[in-house]
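Novice: I'd like to go over a predicted model; first the sequence, then the structure.
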Amino acid sequence: MENQNNESIWKKKININLAIPFKKIFNVVTIGLGILILLLIILHIVENVRGKWAFEKWKKEHKDVVLEVKHYLQSPVPDDKNLAMSGIFKLIADVYGKGKKDNTNAVNELTKFDSEYNEFILKLEYNRKKDFKIPIFIFDTNSVNIKAAAEALRKCNYKNCGTVTNDAECVLNAMSGLSPYLDEILTASKQREFFRFPFFYDGKDPAAIPLPYLSFFKKICQTIQFRAVCFMELNKGDAAFEDVRLGLRLAELLKDEPFIISQLVRVKVLNISLQNICEGMARGIWTEQQIAGFQNILSGINLLKDLRRSLETEQAFGAEMIMTIQDIEYFNKYFNPSYDDSSNSKIFTPFWFIPKGWFYQNAVTHCNFIEERKQILDNIIRDRRSSPMSAYYEKLSAKIKRSPYSILAGFLAIPMDRTLYRVGVSQTAAELCNIACAIERYRLAKGNLPEDLSKLTPDYLSVIPVSLFDGKEFRYHKISESEYRLIAAIPDLAVPYSYEKQSNIPQLIEREILFKRIK
């Protein structure tokens with residue numbers, strides 16, 4: 001009995017001792033949570049005011065900058081002047097463009113083109129020799145090997161190519177399903193001077209702007225490349241000239257596109273066309289008048305100036321995108337992997353803990369980042385001899401430091417420096433190709449190659465350009481009367497881009513273009 005009383009007394013003491021700490025802990029936790037919530041509210045208020053003020057201050061200091069994507073979109077043109085409303089581009093517009101309707105015929109025709117192109121390329125890739133490559137840049141030392149392509153097509157007897165003995169005709173036979181699309185674009189390009197794809201943008205989500213036609217540009221130009229070289233092999237210089245000029249025309253039609261991705265596609269299209277021009281000169285297929293026609297186009301190419309204009313759109317795009325993500329629906333769409341539009345999962349999201357002011361601060365960081373690159377491009381465009389791109393490598397390659405004020409801006413900026421370098425390399429290639437055209441015209445007129453580049457001015461070239469990367473003159477080395485080299489310093493983009501390094505400063509390397517007669 002006494003033991004039972006002792007046990008009950010000890011239980012009461014234990015309960016009392018336990019009850020006191022739990023109550024205190026509960027009170028402390030409640031007060032702590034209250035203080036934390038209060039601090040969080042104060043943080044939101046302070047950061048929201050600071051962020052909004054910083055963004056409005058930036059806009060006042062840069063009154064000439066318009067941060068609305070709609071401002072930079074191209075104005076529509078009549079359909080009879082718009083290449084986007086003809087041929088295969090019209091089919092793309094019917095399927096993906098503004099006011100699109102269910103168009104079964106257009107879908108089927110696009111599917112047919114894709115199928116023809118993919119099958120043609122697949123047959124070449126699958127049956128190719130180890131040394132068979134498709135060059136798409138004039139810094140590639142090899143040329144389009146029509147013989148190897150024909151052997152690959154005969155190997156699988158693609159479209160009865162096994163019965164065609166001539167290599168060029170064999171490849172043209174394999175491309176018979178693609179040629180009608182090229183002919184239609186070729187005819188329309190002579191009558192229509194603009195390219196305005198009728199996409200729809202309601203001003204809500206800039207990332208949703210559709211650009212489906214860009215993927216077809218490279219496919220079309222890759223097809224043009226093969227057909228033009230086949231015409232060269234068959235000594236059909238006029239037909240080859242029309243195809244190569246079409247490739248250049250398509251590249252130039254993209255120059256007014258406001259988006260950086262469009263400029264990058266333009267660069268790829270231009271690179272293919274430059275390769276075609278050089279292949280024609282190596283085969284001696286071009287006339288003096290045709291080469292002068294190429295020069296007329298090449299001398300007007302200014303990729304940096306066009307990229308500068310696209311940076312303005314990128315600046316507006318980034319700011320508008322960051323402002324759009326302030327909406328919880330779009331935040332979840334782009335940053336919440338578990339987001340399900342049909343459920344209530346969007347209620348529980350990190351979005352609630354992010355001050356709106358941080359979005360404004362990210363917009364300011366993004367705008368300053370683009371503004372600095374616009375100023376660098378202005379300096380290079382104004383005087384590349386005294387302000388070459390290599391002088392700004394450190395600034396161009398520097399990444400945005402991670403912080404709540406810059407995390408979204410850093411996401412949008414990766415990797416902007418590589419974009420500038422690629423565009424610069426293509427501008428260099430276009431200028432070297434223009435010099436090569438001038439050298440070929442000189443050879444046709446004089447019967448021999450010039451001893452140095454100064455002989456080209458002013459009859460064949462208005463001025464000898466200098467490299468935009470180091471501000472030095474391009475080097476010319478005459479090997480024989482049928483062979484020479486043009487040498488330029490360009491950044492080494494073969495080194496993989498590192499997202500871990502704070503900067504990725506490229507090394508300047510000397511690349512040469514070897515011009516040698518193959519016929």
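Specialist: Good, I have the coordinates. Residues are numbered from 1 along each chain as shown.

Novice: pLDDT value on the most centrally placed residue in the chain, please?
Specialist: Centroid-nearest residue in the chain, with C-alpha atoms, centre = their mean: Leu264, separated by 3.0 Å. Per-residue pLDDT puts Leu264 at 91.

Novice: so how far is Lys399 from it?
Specialist: For Leu264, the distance to Lys399 equals 20 Å [C-beta to C-beta, to the nearest Å]. C-betas here are computed from N, CA, C, even on glycine.

Novice: per the record, what domains does this structure have?
Specialist: Using automatic domain parsing, the domain parsing of the chain gives 1-61, 76-286, 301-338+351-519.

Novice: turn the ones you listed into TSV, columns for distance to Phe294.
Specialist: Below are the domains of the chain laid out as TSV (distance: least, C-beta to C-beta, whole Å):
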stretch	distance to Phe294
domain 1-61	44
domain 76-286	6
domain 301-338+351-519	5
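
Novice: pLDDT weak spots in the protein?
Specialist: Residue ranges of the chain with pLDDT under 70: 1-22, 98-102, 126-142, 328-352, 414-415, 494-504, 518-519.

Novice: re earlier: now the element after the helix or strand harbouring the residue nearest to the centre of the chain, going C-ward?
Specialist: Element membership of Leu264 [criterion: DSSP states H and E] is helix 260-283. Downstream of helix 260-283, the first helix or strand assigned by DSSP H and E is helix 288-298.

Novice: could you measure Phe474 against Glu512, distance?
Specialist: Plainly put, Phe474 is 10 Å away from Glu512 if you go by C-beta to C-beta.

Novice: who has more neighbours, these two?
Specialist: Applying other C-beta atoms under 10 Å to Phe474 and Glu512 shows that Phe474 carries more neighbours, namely 18 against 14.

Novice: isn't the more buried one up against Tyr484?
Specialist: No: using C-beta atoms under 8 Å as the test, Phe474 is too far from Tyr484 to be in contact (12.0 Å).

Novice: now Leu493, nearest residue through space, not along the chain?
Specialist: Residue nearest to Leu493 in three dimensions, not counting chain neighbours: Tyr421, with 6.0 Å by C-beta to C-beta, 6 or more residues apart in numbering.

Novice: tell me how many other residues crowd the one you found.
Specialist: 22.

Novice: go on, Ala409?
Specialist: Ala409, neighbours per other C-beta under 10 Å, totals 24.

Novice: contacting residues around it?
Specialist: 318, 322, 362-363, 365-366, 369, 400 (C-beta atoms under 8 Å, 6 or more residues apart in numbering).

Novice: rerun at 7 Å
Specialist: With contacts defined as C-beta atoms under 7 Å, 6 or more residues apart in numbering, the neighbours of Ala409 are 362, 365-366, 369, 400.

Novice: do the same with Lys123
Specialist: 152-153, 156, 158.

Novice: which one (most neighbours) among those?
Specialist: Within the contacts of Lys123, neighbour counts (other C-beta under 10 Å) peak at Leu153, which reaches 25 neighbours.

Novice: any idea which helix or strand comes after whichever helix or strand that residue is part of?
Specialist: Using DSSP H and E, Leu153 sits in helix 146-155. Downstream of helix 146-155, the first helix or strand assigned by DSSP H and E is helix 167-174.

Novice: now for that following helix, which elements pack on it?
Specialist: helix 146-155, helix 214-233 (3 or more C-beta pairs under 7 Å, 6 or more residues apart in numbering; DSSP states H and E).
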